[in-house]
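> Fold the following.
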Amino acid sequence: MKKGIIGLLMLLSVMTFARGGNGQGTFDGGQRQFLGGNQNVSANYNQRRIIPIYSDLTEEQKAKLEKVEKLRAKKRDEGRKTNLEIKEKNIAIQKEMLEDNVDWSKVEKIQKEIEKLKTEQKIIRLKEKKEIEKILGDDISLLKKNKRRSKQNNGNRGNNNKR
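As a prediction, the model looks like this:
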């Protein structure tokens, strides 16, 4: 009886930990240890590029997608800067909250600044969306195809597929 329970527990633990790596070691383009270190097979996934995925596009469509990718890269960098500002302001709020006598007007002011930055970010994203629609025109469906194809090429990557 004890041997059976121990055997079952061993089998269960092997099945639980066999996958390892948080599901990153797939054959669908993930990191593969047997190639000599963490060599990432899917450059498209890391760079979030959309052009190499398509071989069946016209030159005009590829040019449009390249333009969209450059726009996204620029906006992504701007967004990172804004995110850093928001984090700095959150840290300032946390520092203020650690004081014995909290200056609530200061906390409120910083919180309003954070909300203003978040609103600006949202407006920038909406403008970016409209710019992309303007660039692609009738080819707007290419972006939806790209999301579908990149998920197929990268396998089951968990939350990393969300963009």
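> Show me what the host helix or strand of residue 84 is packed against.
Using DSSP states H and E, residue 84 falls within helix 59-98. Applying 3 or more Cβ pairs under 8 Å, 6 or more residues apart in numbering; DSSP states H and E, one finds that helix 59-98 contacts helix 104-136, helix 141-154. In this view, the C-beta of every residue, glycine as well, is placed from N, C-alpha and C.
> same question for the shortest one, mean pLDDT?
If I follow you right, that is helix 141-154. Averaged across helix 141-154, pLDDT comes to 56.
> again, but for the first one
Averaging pLDDT along helix 104-136 gives 91.
> That helix versus helix 59-98: what angle between them?
Calculated by axes from the mean of the first three to the mean of the last three Cα atoms, to 10 degrees, helix 104-136 forms an angle of 180 degrees with helix 59-98.
> Okay, buried residues for helix 104-136 please.
Neighbour-count burial for helix 104-136 flags 107, 110, 114, 121, 128, 132, 136 (criterion: 16 or more other Cβ atoms under 10 Å).
> got a markdown table for these, with distance to residue 61 too?
As requested, those are arranged in a markdown table below (distance: Cβ to Cβ, whole Å):
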| residue | distance to residue 61 |
| --- | --- |
| 107 | 50 |
| 110 | 46 |
| 114 | 40 |
| 121 | 29 |
| 128 | 20 |
| 132 | 14 |
| 136 | 9 |
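> Looking at those, spot the one nearest residue 76.
Comparing the buried residues of helix 104-136 against residue 76 with Cβ to Cβ picks out residue 128 as the nearest, at 9.6 Å.
> Against residue 138, how distant is the closest residue to that closest one other than its chain neighbours?
The shortest distance from residue 128 to any non-neighbouring residue, by Cβ to Cβ, 6 or more residues apart in numbering, is to residue 75 (5.0 Å). The spacing between residue 75 and residue 138, counted by Cβ to Cβ, to the nearest Å, is 23 Å.
> Give me the more crowded residue out of these two.
Set side by side, residue 75 and residue 138 show more neighbours around residue 75, with 17 against 6, by other Cβ atoms under 10 Å.
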